[in-house]
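J.: return atomic coordinates for the entry below.
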Amino acid sequence: MPLLKLNGVTVDFPFTPYDCQKDYMTKVLECLKQSHNGVLESPTGTGKTLCLLCATLAWREHFKDAISARKISEKLKGAEMFPNTPFSSWGTAATDGDKPVYYTDIPKIIYASRTHSQLAQVISELKNTTYRPKVCVLGSREQLCINQEVMRQESNHVKVHMCRDKVSTRSCGFYNNVEERSSDRELLNSILDVEDLVKFGNKQRVCPYFLTRSLKQHADIIFMPYNYLLDPKSRRAHNIELNKAVVIFDEAHNVERMCEESTSFDLTPYDVASAITAVDRLLEEKAKEVSRGDPVTEDINVESLSSGSKLEVPTIAKVKQILLDLEAAIDSIDVPSEKGITKPGIFIYELLEKAHLTYSTKTAVYEALEQIIGSLTGKPGAFLNSNGLQKLADIIQLVFSGEPSELDRQRKMESYSAYFKVHIHRDTSAAKKKQAADPWASASSKKQGNILSYWCFSPGFSMQELVNQGVRCIILTSGTLSPLTTFTSEMRIDFPVLLENGHVISRDQIYVRVLDQGPDSVVLSSAFNRRFIPEVMASLGNTVGELCCYYRVINQSAGRVRVFLGRSSFMNLMQVYSSLPCSSQRFGFQMNLSLVEVTKSPTRSRVKPLLP
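T.: Numbering: from 1, shown residues only. Predicted structure coming up:
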C-alpha cells in the first residue's frame, strides 16, 4: 500500500490517491495538528470516509510516536533534540513499574454519523485499511440488550429502568459476565460493529451494551450516532468524555437539524396529566404499605426536597405538587389565539420557577423522578403512565444542564434568548380530541390546556457546548455543505480550515442529458400508471440498447456498460432486457450490461450490484 507524506505525517493509504483525495487528507491533518475546526466538502464518490479514517489514524500514531520519542530523549537527557516544545504540551504517561507506557493525553477520536447503518459502512471501510486501532461502537439498550425479559418491555425508558434494577441487584447473568469477558482477545483484537457485538454477546453469554462501556475506556476511536454527542442527556447517559478529543461529524449536512432537534421539546397537557396519574397511583400503593401511625402527613413543602431523599410518601407528594404547580403555571398563560404566544428563551426559567424547578432544586427533583419511574417499572401499564414523568426528567436535564457558578448561571440563562424561543399554544391536536372523547380516559387526561414548546433556532448552541467541553477540534464533512459561508455562520464557532473539493472525475468525462422519450418517440416515464406498459418498457430497453451501441462505436475497448436504476424499476428493466433481441442481430454486438440497484437514503446512495 502506498505511503504518503502529507503535512509532515506518513499516511498508509490502500491505493494511489487522486489529487482531490490528497488535498482532503492534507486539510484533515491541518485540523488535527493545529487544533483547528474544519468544514470539508468533498463530492460523493471521492472516498472521503476512507481518506478521513486514514489521515486521522495516521496522525494519532504520529502523535503517539512523538510523545514516545520525547519521553525517551528526556530519559536519555537528550532534550536538545526537541528544543522548542515542552514535553508537557505533548501528553502525560500513566506508568506502573515495567508495564507498557500508556499515554493518557493521546486524543481519542470520536467519529459520529447519522445512523448505525452508516457507521457500519464506515467500520467496513476501516477494515480495508492497514490500521488496527482499538475500536468501540456505542449503541442503545434497544440495539444491544440481549436479555429477553428486558426487551419484552414496550417502552424504551421502562427497559432502561428494568436494566438498571437488574444490574444493581446483579440479577442479569449477561451483565455478570462483563468483567470476565471484557479482556477476551477476540473482542479486543477485532473491529466490530453493532451486529458483530450482538453476535459476540449471544455466543459468549455476555452483555454487549456494558461491554461497549468497558471497551470505551481504552478505545482509540469511538463510533456513535450524532444524537449521542449533541443531546446533553445522551452525552451524560453514555458518559462521553470530550476533553481533548477529536470530534468528527461525517455526513454533516444533517448536523444543523439534529443540533436544533436534540435541544428542543414539546410538553403537552397529556404529558403532565399522565405524570400526575402515575404519581397518584404510586401514592395509593405507598399509603397502603404504611400504618396509620406512620408520618404520612408530614410536611410536604417542595423546598424541603433534597438530593438523596428516599422514595417515601412525602417525597412522592412533593413531586406531585411540582407537577400540579407546573400544570397551573402553563395553563395560566393567556393564549389570545390558536397561533399561540411566543416569548424569549429565558422565559422558560421564569415559568419553571413557579413549579419550584430551579438550578438549586434540579438534582433533588430529577433523582426523585428517576426513583418514581424505577418504582413503576414492570408494573402493568407502567409504560403508559411513566412517559410523562420521563419527559419531565429529560426536560430538567436539558434546561438545567451543567453545574455553573451563580455568575455563569445568569450569563447562560441570558444567552438562551439568542438561541431559544418559548412558544405556548392551545392543544388542538387530533390526539387530544380523541382523549377527550375516550370514556375510559382519566378526568385529568381529558383536561384541555396549553402546550409548552421550547424550540432551539440555532445549531450554534450545541456546537458551542461541545467547544466548552474542551474538544481539541471539530471536523464537519459531507458531500453537500455549500455555501460554506452560510453553513459556518450558523454553527457560531470558528472554522479556520475550509475545503470545497472537486471530484475525481474531470468535466470532460461527464455527459448529462435528460431523455423524455425513446428512439421510437414513446414517452419515457417511471410513473406507477405507466411503468408496466409494454410499449414504455420496450422503449426503455431500446434506449439503453442504442446508447450502448453508440458508446461502443466511440469506445471500441468498452467491455461492459453499467446501468444504474432505482429498486422499483429493476424488474421492469430485467423484463425488457430478457425479452428484447438485444444481441448481435439487433445492435451488431453482444451487450454486456451490469445492472446496478441504487437504494437511496436521506444522506447517501448505496450501490448494490445485481448482475455480474
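J.: okay, how far is it across stretch 138-154, tip to tip?
T.: Criterion C-alpha to C-alpha, to the nearest Å; first-to-last residue distance in stretch 138-154 is 22 Å.
J.: report the distance from it to the chain centre.
T.: The chain centroid and the centroid of stretch 138-154 are separated by 18 Å, computed with C-alpha atoms, centre = their mean, to the nearest Å.
J.: who touches that stretch?
T.: Under the contact criterion C-beta atoms under 8 Å, 6 or more residues apart in numbering, stretch 138-154 has outside partners 116, 156, 159-160, 162-163, 166, 172, 174, 194, 197-198, 201-202, 207-209, 212, 216, 222-224, 228, 238, 240, 378, 383. Using the backbone N, CA and C atoms, a C-beta is placed for each residue, glycine as well.
J.: so which bits of that stretch are buried?
T.: 138-141, 144-147, 150, 153 (16 or more other C-beta atoms under 10 Å).
J.: which of the residues you listed fall in helices?
T.: 141, 144, 150 (DSSP state H).
J.: could I get those residues as a markdown table with pLDDT?
T.: A markdown table is the format used below for those (pLDDT from 0 to 100):
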| residue | pLDDT |
| --- | --- |
| Arg141 | 92 |
| Leu144 | 96 |
| Val150 | 94 |
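J.: still on that earlier bit, nearest to Gly340, of the buried residues of stretch 138-154?
T.: For the buried residues of stretch 138-154, the closest approach to Gly340 (C-beta to C-beta) belongs to Ser140, at 33.5 Å.
J.: now the closest one, what are its backbone angles?
T.: phi -90, psi 170 (degrees, to the nearest 10).
J.: quick one, strands of the stretch 51-200 of the chain?
T.: All strands of the stretch 51-200 of the chain, identified by DSSP state E, counting those that start in this stretch, fall at 93-94, 102-103, 109-113, 135-137.
J.: list the contacts for the closest residue to Thr358 other than its chain neighbours?
T.: Nearest non-adjacent residue to Thr358, counting by C-beta to C-beta, 6 or more residues apart in numbering: Leu352, 7.2 Å away. Neighbouring residues of Leu352 by C-beta under 8 Å, 6+ apart: 326, 329, 358, 399.
J.: how close does Leu352 sit to Lys362?
T.: Separation of Leu352 from Lys362 (C-beta to C-beta, to the nearest Å): 9 Å.
J.: same question for Met25.
T.: According to C-beta to C-beta, Met25 and Lys362 sit 45 Å apart.
J.: restrict the helix or strand in which Lys288 is found to CA atoms and write it as CSV.
T.: Using DSSP states H and E, Lys288 maps to helix 269-289. Extracted in CSV, the C-alpha atoms of helix 269-289 (Å, rounded to 0.1, in the frame of the first residue of the first chain):
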residue,chain,number,x,y,z
PRO,A,269,-51.2,18.7,28.8
TYR,A,270,-51.5,14.9,28.4
ASP,A,271,-47.8,14.5,29.4
VAL,A,272,-48.3,16.4,32.7
ALA,A,273,-51.7,14.8,33.4
SER,A,274,-50.3,11.3,32.8
ALA,A,275,-47.4,12.1,35.1
ILE,A,276,-49.8,13.2,37.8
THR,A,277,-51.9,10.0,37.3
ALA,A,278,-48.7,7.9,37.7
VAL,A,279,-47.7,9.7,40.9
ASP,A,280,-51.2,9.3,42.3
ARG,A,281,-51.1,5.6,41.6
LEU,A,282,-47.8,5.3,43.5
LEU,A,283,-49.1,7.4,46.4
GLU,A,284,-52.0,5.0,46.8
GLU,A,285,-49.7,2.0,46.8
LYS,A,286,-47.3,3.6,49.3
ALA,A,287,-50.2,4.6,51.5
LYS,A,288,-51.4,1.0,51.8
GLU,A,289,-47.9,0.0,52.9
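J.: in the stretch 151-300 of the chain, which spans are helices?
T.: Ranges of helices in the stretch 151-300 of the chain, per DSSP state H, counting those that start in this stretch, are 156-168, 173-176, 178-181, 185-188, 194-204, 208-216, 226-230, 232-237, 255-262, 269-289.
J.: contact partners of stretch 38-47?
T.: Contacts for stretch 38-47 (C-beta under 8 Å, 6+ apart): 17-18, 20-21, 24, 27-28, 30-31, 48, 51, 252, 473-482, 484, 487-488, 495-505, 604-605.
J.: just the buried residues from the residues you listed, in PyMOL please.
T.: Listed next is the PyMOL selection for buried residues among the contacts of stretch 38-47, using 16+ other C-beta under 10 Å:
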select buried, resi 17+18+20+21+24+27+28+30+31+48+51+252+473+474+475+476+477+478+479+481+484+487+488+495+497+498+499+501+503+504+604
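J.: from the contacts of stretch 38-47, which land in helices?
T.: Going by DSSP H, the helices hold 20-21, 24, 27-28, 30-31, 48, 51, 484, 487-488 from these.
J.: quick one: residues contacting Asp334.
T.: Ile341.
J.: which element is it on?
T.: Using DSSP H and E, Asp334 falls outside every helix and strand.
J.: before we move on, what about the one 3 residues further on?
T.: With secondary structure defined by DSSP H and E, Ser337 is part of neither a helix nor a strand.
J.: run a quick neighbour tally on it.
T.: 8 (other C-beta atoms under 10 Å).
J.: residue contacts, Gln204?
T.: Applying C-beta under 8 Å, 6+ apart, the residues contacting Gln204 are 177, 181, 184.
J.: list the contacts of Gly518.
T.: With C-beta under 8 Å, 6+ apart, Gly518 has these contacts: 524, 539-540, 542-543.
J.: so for Gly345, what's the nearest residue that isn't a sequence neighbour?
T.: Per C-beta to C-beta, 6+ apart, closest to Gly345 is Phe420, 3.0 Å.
J.: for the one you found, grab the count of nearby residues.
T.: By the criterion of other C-beta under 10 Å, Phe420 has 23 neighbours.
J.: how about Val313?
T.: 19.
J.: shaky segments in the stretch 351-500 of the chain?
T.: Within the stretch 351-500 of the chain, the segments meeting pLDDT under 70 span 378-384, 404, 407, 430-447.
J.: that one: helices as residue ranges?
T.: Under DSSP H, counting those that start in this stretch, the stretch 351-500 of the chain gives helices at 362-376, 382-385, 387-399, 406-419, 430-437, 443-446, 460-468, 484-491.
J.: for Pro232, which of the ones you listed is the nearest?
T.: That would be, of those and by C-beta to C-beta, helix 387-399, which comes in at 6.0 Å.
J.: contact partners for the nearest residue to His253 once chain neighbours are set aside?
T.: Nearest non-adjacent residue to His253, counting by C-beta to C-beta, 6+ apart: Ser478, 4.5 Å away. The contact partners of Ser478, by C-beta under 8 Å, 6+ apart, come to 41, 250-253.
J.: out of the residues you listed, which comes closest to Tyr416?
T.: Ala252 (24.6 Å).
J.: tell me the spacing between the closest one and Tyr419.
T.: For Ala252, the distance to Tyr419 (C-beta to C-beta) stands at 20 Å.
J.: what's the answer for Leu452, then?
T.: For Leu452, the distance to Tyr419 - C-beta to C-beta - is 17 Å.
J.: who's more crowded, those two?
T.: Neighbours were tallied for Leu452 and for Tyr419 using other C-beta under 10 Å; the higher tally belongs to Leu452 (25 against 20).
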